[in-house]
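1. here are the coordinates; sequence isn't available:
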């Protein structure tokens with residue numbers, strides 16, 4: 001059950017986040033009040049998936065933002081306070097919300113729960129990838145690290161907790177641990193560019209994990225990306241938009257168990 005208030009009705013309300021810390025001001029894009037967001041956040045790209053997660057898995061969930069149509073909810077799961085915040089697509093959008101969650105709301109743990117494309121025939125549609133690290137074609141980290149390469153990795157205790165959660169109960173989906181490729185391009189005109197990544201064992205392609213892991217490292221917080229295969233780059237098999245929005249329950253259960261275990 002989700003309770004909706006006037007959260008985010010005025011996208012200009014509150015002071016802009018100046019980077020001075022979570023106690024002083026609401027953030028520019030989330031615009032939630034201090035204390036409305038839990039220390040643990042599930043982080044889907046799709047705001048409608050955020051609503052589905054809140055309605056399906058959380059008790060007493062309340063809407064705390066709908067600014068720019070990006071929904072955020074806070075409720076409880078097994079006695080733990082948990083928020084769900086949409087991030088949008090791609091590293092630039094994700095980074096806005098992750099920065100504000102870490103810096104303005106003192107969030108300690110973010111678990112991305114998203115979709116990805118499979119890059120190997122070892123995976124099937126609806127399989128789950130728990131990402132231990134991510135590579136990228138994005139220029140964001142090149143700017144941040146002055147042209148040098150950086151290897152973004154998951155928080156290990158969170159990664160271990162997710163693997164243990166996936167082994168603790170029967171799942172409909174097979175679970176794999178490995179690398180994701182975070183691309184800035186969804187509609188790539190040069191698909192051959194993914195071939196070296198496939199040759200080096202990368203399992204899937206999506207658009208956010210590299211940036212999330214980098215920001216978590218910067219802030220000294222925990223982050224993990226868990227993605228369900230929504231489409232297969234090799235076979236062409238894919239799920240529908242409604243399936244991507246309203247299914248993938250195994251992924252959410254793993255994320256909740258892991259995030260509340262560390």
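-> Thanks, I have it. All values reported here derive from a predicted model rather than from experimental measurement.
2. which residues are in contact with the closest residue to residue 166 other than its chain neighbours?
-> In space, and not counting its chain neighbours, residue 166 is closest to residue 175: 4.3 Å by Cβ to Cβ, 6 or more residues apart in numbering. Yep, even glycine has a C-beta here, placed from its N, CA and C like the rest. Counting by Cβ atoms under 8 Å, 6 or more residues apart in numbering, residue 175 touches 127, 128, 129, 130, 163, 166, 254.
3. quick check, nearest of those residues to residue 3?
-> residue 254 (26.5 Å; Cβ to Cβ).
4. host element of that closest one?
-> With secondary structure defined by DSSP states H and E, residue 254 is part of helix 249-259.
5. low pLDDT regions in the stretch 151-262 of the chain?
-> The model of the stretch 151-262 of the chain has pLDDT under 70 over residues 189, 245-247.
6. could I get the full set of strands for the stretch 151-262 of the chain?
-> Ranges of strands within the stretch 151-262 of the chain are 175-182, 204-206, 222-232, based on DSSP state E, counting those that start in this stretch.
7. who wins for proximity to residue 158 among these?
-> Smallest distance to residue 158 across these (Cβ to Cβ): 4.4 Å, for strand 222-232.
8. residue 114 - nearest residue in space that isn't next to it in sequence?
-> Counting by Cβ to Cβ, 6+ apart, the residue nearest residue 114 is residue 227, at 4.9 Å.
9. distance of that neighbour from residue 67?
-> 26 Å (Cβ to Cβ, to the nearest Å).
10. so which of those two has more stuff around it?
-> Just comparing residue 227 and residue 67: by other Cβ atoms under 10 Å the higher neighbour count belongs to residue 227, 26 against 23.
11. right, and the more buried one touches residue 204 too?
-> Yes: in this structure, residue 227 is within contact of residue 204 by Cβ atoms under 8 Å, at 6.3 Å.
12. need the residues touching each of those two.
-> 116, 129, 180.
13. name the member of those residues with the most neighbours.
-> Neighbour max across the shared contacts of residue 227 and residue 204 (other Cβ under 10 Å) = residue 180, 32 neighbours.
14. show me which pair in the contacts of residue 175 is furthest apart.
-> Across the contacts of residue 175, the longest distance by Cβ to Cβ is 14.6 Å; it joins 127 and 163.
15. more neighbours, those two?
-> residue 127 (20 against 16).
16. quick check: bridge partners of the residue nearest to residue 166?
-> For residue 175, the beta-bridge partners are residue 128 (DSSP bridges).
17. what's the local residue count around the nearest residue to residue 214 once chain neighbours are set aside?
-> Among residues not flanking residue 214 along the chain, residue 152 sits closest, at 4.8 Å (Cβ to Cβ, 6+ apart). Per other Cβ under 10 Å, the neighbour tally for residue 152 reads 23.
18. what about residue 152, distance to residue 258?
-> Remark: distance between residue 152 and residue 258 (Cβ to Cβ) = 18 Å.
19. wait, a helix at residue 98?
-> Yes: under DSSP: H, G, I helix; E, B strand; the rest coil, residue 98 falls within a helix.
20. ok, it touching residue 87?
-> Yes: the criterion here is Cβ under 8 Å, and residue 98 meets it with residue 87 at 7.1 Å.
21. what sits in contact with each of those two?
-> residue 43.
22. quick check on residue 141: phi, psi?
-> phi -70, psi -30 (degrees, to the nearest 10).
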